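Undergrad: I need the structure of the sequence given here:
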Amino acid sequence: MGKWDKFCQSCGMPMEKDAQGGGTTADGSKSVKFCSLCYVNGKFKDNFTSSKEMVGFVKGILKKDGISPVKRWFYTMHISKLERWKS
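TA: Below you'll find the model as predicted:
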């Protein structure tokens, strides 16, 4: 198990924080790679084509939640290393 396996491989959220317990695959089973905020019925809910877009999106949500700029940076600095964004 890699060091990022416990995080959504799209947005980086800890999978244990996902109230739905993960997204859903095309057959309706739970995804162990992607959270319910990113992945439903085997498809991503966003149209992002780069990790930079996801970083901006996540930082926006964190800002609305009152998270400090330093913490926003820390929480998003690894997004480009996640499975969805590897080239």
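Undergrad: Pull the contacting residues for residue 62.
TA: Counting by Cβ atoms under 8 Å, 6 or more residues apart in numbering, residue 62 makes contact with 71, 72, 75, 76. Glycine gets a C-beta too; all of them are placed from N, C-alpha and C.
Undergrad: if you set the cut-off to 7 Å instead, what comes out?
TA: With contact set as Cβ atoms under 7 Å, 6 or more residues apart in numbering, residue 62 has these partners: 72, 75.
Undergrad: ok, now residue 84?
TA: 9, 10 are the contacts of residue 84 under Cβ under 7 Å, 6+ apart.
Undergrad: Please tell me how far it sits from residue 69.
TA: Using Cβ to Cβ, to the nearest Å, we find residue 84 at a distance of 25 Å from residue 69.
Undergrad: try residue 41
TA: When residue 41 is compared with residue 69 (using Cβ to Cβ), they lie 35 Å apart.
Undergrad: With residue 24 instead?
TA: For residue 24, the distance to residue 69 equals 34 Å [Cβ to Cβ].
Undergrad: And the residue most central in space within the chain, what's its pLDDT?
TA: For the chain, the residue nearest the mean C-alpha position is residue 11 (1.8 Å; Cα atoms, centre = their mean). Note for residue 11: predicted pLDDT of 97.
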